[in-house]
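> Show me the folded form of this:
(chains A and B)
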Amino acid sequence: MLRLILNRILGAIPTLFVIIGISFFMIRMAPGGPFDQERQLPEEIIANLNKVYHLDEPLYQQFGRYLWGILQGDFGPSFQYKDHTVSELIFQGFPVSLKIGGIAIVLAAIIGIFLGTIAALRQNTRVDYLIMGFSMTGITIPSFVMAPLLSLVIGVYLRLLPVGGWGDLKHMVLPIIALTLPQIAYIARLTRGSMIEVLRSNYIRTAKAKGLPERVILARHALRGALLPVVSYLGPATAGIITGSVVIEKIFGIPGIGRFFVLGALNRDYTLVMGVVVFYGIIIILFNLIVDILYGILDPKVRYE
Amino acid sequence: MLKKSMFTSIAICTQIIFGLCDTALAEKILKRGNGIEPQSLDPQKTTGAAEGKIILDQLEGLLSTAADGALIPGAAEKWEISEDGKTYTFFLRENAKWSNGDPVKAEDFVYAWRRTVDPKTASTWSYMFYPIQNAKEISTGEKPLTDLGVKSDGDYKFIVTLNEPTPYLLTLVAHQSMVPLHQKTIESNPDRWMRPESMVSNGAFIISEWAPQSYVKLKKNPAYWDAANVKLDGVIFYPIDDRQAEYKRFKAGDLDLTFTVPTEQIEIIKKDMPANYKSNSMYATYYYAFNNTRVPFDNPKIRQALSLAIDREKIVLQITKGDENPAYSFVPPAEGDYAPQEMQCQSDSGLVPCKSLTQEQRNKIAQDIFKEVGYNKATPIEIVFNTDDSNKKIAIAVAGMWKKVLGVETMLTNKEWKVYLASKEKREYDVFRQRWIADYKDPSAFLSLFRSDTGIGNTPGHFSPKYDLYLDESAKTTGKKRIENLANAEKELMSNFVIAPIYYFVTNSLVSEKVSGYKTNAMDHHLSRWIDLQE
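Here you go, the predicted model:
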């Protein structure tokens, strides 16, 4: 196991390097630069700006400078948010996204797996149809519809919760609901599908034949097998959700990391985009590793030597 | 004693539980929507209006603005202008203090202004300082910083020497880039001096908390010379770039003042919330720039026909709907001596303002011109605009008008902001959607845009020695003569139909009934200093 982890971490280094390289040159290829604005600046001012941010150097030199910075843990200054370094912005935004994303994914996993299991056990009954109907709706309504609706009804009309902003618990409720709903729906469908399949498999039949009570069959044997697809979904989904949802963050005014990615790209804030890309890369690699480890625990067919 | 503190803590806890803390029972805290997250709170590194609002609440320049936008004495109590108009002497208030108790001195202005033009600062505002002696040469690195035409004479006399008489200097010095800075604070903390833990301000407020993408909190600055007349205890600026979200937060009572309103909902807002809806006619113009360097738009006749075929009234009444006025000149009308030079049309009774004709008459003129010059309708005209709902609707409407009146086909190209800017630089299209918001209230803030030497900022590619000469002359003259030169320049621009002005831009906002002291004005200046809140 330890060897697997070590191998993966070592393997991640070239992956990250490729990510950095591709995204560094890709963002430079996009038309426009960080200092373009409607009010065209005189050339000498642009020249001064380029000099301060080393944009006057040849591209390979800038790339070298950037890599050297990363090795020292420095993502550089943000071109757009000039009073902040990229690391500062990421480490201010990430805890926020992690908090609401983390809560959302845990809730979604618990409720989704629960609903999916019930639907599978009561296959083709009203309960099943109800749950699947709900999850179909959850999947089809996009968050940019769900979030404004929630804030309009609960925030503006009923005035139960704030419609936006960030501060305490009450600010987190609506965004978490908006993030959780589609995830619950997806996880429930996934669980139901794999659960039905597992319940039909031979080893469950064997367990039934042995006379084990249904509760034990379900908890000890069926769920374990049925969870595998859910776990492989949850890995990237968690990575995605804790790194911030642009739509949710924008609608509820949440200072998470997701908006930096989009704003950074739109503003050609090279260092900010790069910083977030590298950060995302690390998180995704990390969660894929976690999924692999969980697979080893859940699936008796998978063993890491 | 113990009992008392227990009661206080219970009271505080209850407030926290019921969320009463942020509604601020005793304190008057103004909650403002502020568009985008400020790029910087360093006055010399900012670019936009959102930053300007926070900066001018914290730092006060030589002059300041009243609630109605009028220029009033700020850190300077009075000023004298030399006879040739090239030397301004500002007398600073001796009772003005920094928030740490230090007096605000002329040296603070010398330091701040030098810092702006210093190439090392790379300030985007340094061009604003170009009327000042040697500013440009310092910015290009030809001259040392100390050559800048500013100096202090004693602690309270600040003297500015200009290249040419610049009558609008007084509006310039109220700008967000011309505020004083506390040298010691900046030098001891060059990258973080504007943070709450180190900021030293000379304005009505001072920063107390900054949570990026969430809020910037300011509290009242008791050291401010006019603190007795500042009614608010603090201001919170919320960066909300989603107009719908801002509108909802206002409706939910989370905001007292919004940055803008969602255009899609402007009709409902005007109907349902007339008391809250405010429309600021800005010193700004929304226009279409013809690519004068391309055939057939190098022909002023073609440009004239296209410009006249745009039904401006229809656009402001049916598309923008925010109380905009149709524009027939580049410089918007404003109080003062300058009368905007509007487009002129040939009629039976000679040249008349195109505005005075009906749209049918204007269409007829446009059609006649097209017949006369023989326009080839086979090639479509390409309009480029940046992604925005209102830009799109206007472009579609204009395309429809051109098709209906002149029978020309149009191709609409929608580009992401930075891509749009890049294509503008290369003059890649026939017609560009443009908007110009003046930095300071003077016609030259508009007209200087289309000088031959403006470079890529001169989007239409207007290269007219005559126009440049008028502007050069205007810089050397004062009073009536200057106004005349500026008017001649605009006349030259409008008679050649270099651009097609569409409407004078406005900003709309929602103001809560609790707010008093808010007045609409052309520069959209609303210092929190003038605002009060009633429960």
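> Which of the helices or strands spans residue 197?
Went with chain A since none was named. helix A:169-199 (DSSP states H and E).
> Switch to chain B, please.
Under DSSP H and E, no helix or strand contains residue B:197.
> which residues of chain A fall in helices?
A:2-29, A:43-52, A:59-71, A:86-121, A:126-140, A:143-150, A:169-199, A:202-209, A:214-216, A:223-242, A:246-252, A:258-266, A:270-298 (DSSP state H).
> for the stretch 51-200 of chain B, same thing?
Counting by DSSP state H, counting those that start in this stretch, the stretch 51-200 of chain B has helices at residues B:106-117, B:135-139, B:169-172, B:183-188.
> any idea which helix or strand of the chain has the worst average confidence?
Using chain A. Every helix and strand of chain A was ranked by mean pLDDT, DSSP states H and E. The lowest is helix A:214-216, at a mean of 85.
> wait, I meant chain B there
Going by mean pLDDT, DSSP H and E, chain B bottoms out at helix B:2-17, a mean of 44.
> Please put the alpha-carbon coordinates of the helix or strand following it into PDB.
Sequence order places strand B:29-33 as the next helix or strand after helix B:2-17, per DSSP H and E. What follows is strand B:29-33, C-alpha atoms only, in PDB (Å, rounded to 0.1, in the frame of the first residue of the first chain):
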ATOM      1  CA  ILE B  29     -23.300  50.900   8.500                       C
ATOM      2  CA  LEU B  30     -24.000  51.500   4.800                       C
ATOM      3  CA  LYS B  31     -24.100  48.400   2.700                       C
ATOM      4  CA  ARG B  32     -23.100  49.100  -0.900                       C
ATOM      5  CA  GLY B  33     -23.000  46.800  -3.900                       C
END
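> Not counting its own residues, what contacts strand B:29-33?
When contacts are defined by Cβ atoms under 8 Å, 6 or more residues apart in numbering or on different chains, strand B:29-33 is touched by residues B:53, B:232-238, B:240, B:246, B:249-250, B:254-260, B:515, B:528, B:531, B:533. C-beta here means a position set from N, CA and C on the backbone, and glycine is covered the same way.
> Residue B:529 versus residue B:222, what's the distance?
In this view, residue B:222 and residue B:529 are 14 Å apart by Cβ to Cβ, to the nearest Å.
> Out of those two, name the residue with the larger neighbour count.
Neighbours per residue (other Cβ atoms under 10 Å in any protein chain shown) separate residue B:222 from residue B:529, with residue B:529 holding more: 25 against 11.
> quick one: the nearest residue to the more buried one once chain neighbours are set aside and residue B:28, what's the gap?
Leaving aside its sequence neighbours, residue B:529 sits nearest to residue B:204 (Cβ to Cβ, 6 or more residues apart in numbering or on different chains; 4.1 Å). According to Cβ to Cβ, residue B:204 and residue B:28 sit 13 Å apart.
> Let me know how buried the residue in the stretch 201-350 of chain B that chain A sits nearest to is, in neighbour terms.
In the stretch 201-350 of chain B, the residue that lies nearest chain A is residue B:213 (3.5 Å; Cβ to the nearest Cβ). Applying other Cβ under 10 Å, we find 26 residues neighbouring residue B:213.
> okay, it: pLDDT?
You'll see residue B:213 listed with a pLDDT of 87.
> residues contacting it?
A:93, A:253, A:254, A:255, A:256, A:259, A:260, B:37, B:239.
> For the first one, give me the pLDDT.
Among the per-residue scores, residue A:93 shows a pLDDT of 90.
> What of the last one?
On the pLDDT scale, residue B:239 is placed at 93.
> how about it, what does it touch?
A:253, B:34, B:35, B:36, B:37, B:38, B:50, B:213, B:214, B:215, B:216.
> go again using 7 Å as the cut-off
Residues near residue B:239 by Cβ atoms under 7 Å, 6 or more residues apart in numbering or on different chains: B:34, B:35, B:36, B:37, B:213.
> and the stretch 101-250 of chain A, which residues reach chain B?
With the criterion set to Cβ under 7 Å from any Cβ of the partner chain, the stretch 101-250 of chain A comes near chain B through A:148, A:151-152, A:155-156, A:159, A:162-167, A:170, A:250.
> out of those residues, which are buried?
Among those, those classed as buried by 16 or more other Cβ atoms under 10 Å in any protein chain shown are A:148, A:151, A:152, A:155, A:156, A:162, A:163, A:164, A:165, A:166, A:250.
> and those as CSV, adding distance to residue B:377 and pLDDT?
Output for these, formatted as CSV (distance: Cβ to Cβ, whole Å; pLDDT from 0 to 100):
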residue, distance to residue B:377, pLDDT
A:148, 44, 90
A:151, 49, 89
A:152, 47, 89
A:155, 52, 88
A:156, 50, 88
A:162, 56, 89
A:163, 51, 88
A:164, 50, 86
A:165, 54, 86
A:166, 55, 87
A:250, 43, 87
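> export those to CSV and tack on distance to residue B:469?
Formatted as CSV, these follow (distance: Cβ to Cβ, whole Å):
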residue, distance to residue B:469
A:148, 55
A:151, 57
A:152, 58
A:155, 59
A:156, 58
A:162, 59
A:163, 56
A:164, 54
A:165, 55
A:166, 56
A:250, 49
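> List just the nearest of those to residue A:297.
Closest approach to residue A:297 among those (Cβ to Cβ): residue A:166, at 36.2 Å.
> The residue nearest to the closest one when sequence neighbours are not counted: neighbouring residues, count only.
Once flanking residues are discounted, residue A:166 sits nearest to residue B:214: 4.8 Å by Cβ to Cβ, 6+ apart. By other Cβ under 10 Å, the residues close to residue B:214 number 23.
> unless I'm mixing things up, residue B:214 is touching residue A:255, no?
Yes: in this structure residue B:214 lies within contact range of residue A:255 using Cβ atoms under 7 Å: 4.0 Å.
> Report the set of residues contacting both of these two.
residue A:166.
> Next, count neighbours for residue A:87.
Neighbour count of residue A:87, defined by other Cβ under 10 Å: 17.
> Likewise for residue B:374?
7.
> What about the closest residue in space to residue B:167 that isn't next to it in sequence, how many residues nearby?
Nearest non-adjacent residue to residue B:167, counting by Cβ to Cβ, 6+ apart: residue B:478, 6.0 Å away. Look at residue B:478: counted by other Cβ under 10 Å, it has 16 neighbours.
> How much space separates residue B:478 from chain A?
Distance of residue B:478 to chain A, computed by Cβ to the nearest Cβ, to the nearest Å: 25 Å.
> Residue B:443 now?
Residue B:443 sits 17 Å away from chain A, going by Cβ to the nearest Cβ.
> got it, and residue B:131?
To chain A, residue B:131 is 14 Å away according to Cβ to the nearest Cβ.
> Now do the contacts for that residue.
Residue B:131 touches B:162, B:163, B:164, B:166, B:169, counting by Cβ under 7 Å, 6+ apart.
> Kindly report the same for residue A:48.
B:119, B:122.
> what does the model give it for pLDDT?
The model reports residue A:48 with a pLDDT of 90.
> again with residue B:172
Residue B:172 is given a pLDDT of 93.
> Do I have it right that it meets residue B:179?
No: the pair formed by residue B:172 and residue B:179 falls short of the contact definition of Cβ under 7 Å, at 11.9 Å.
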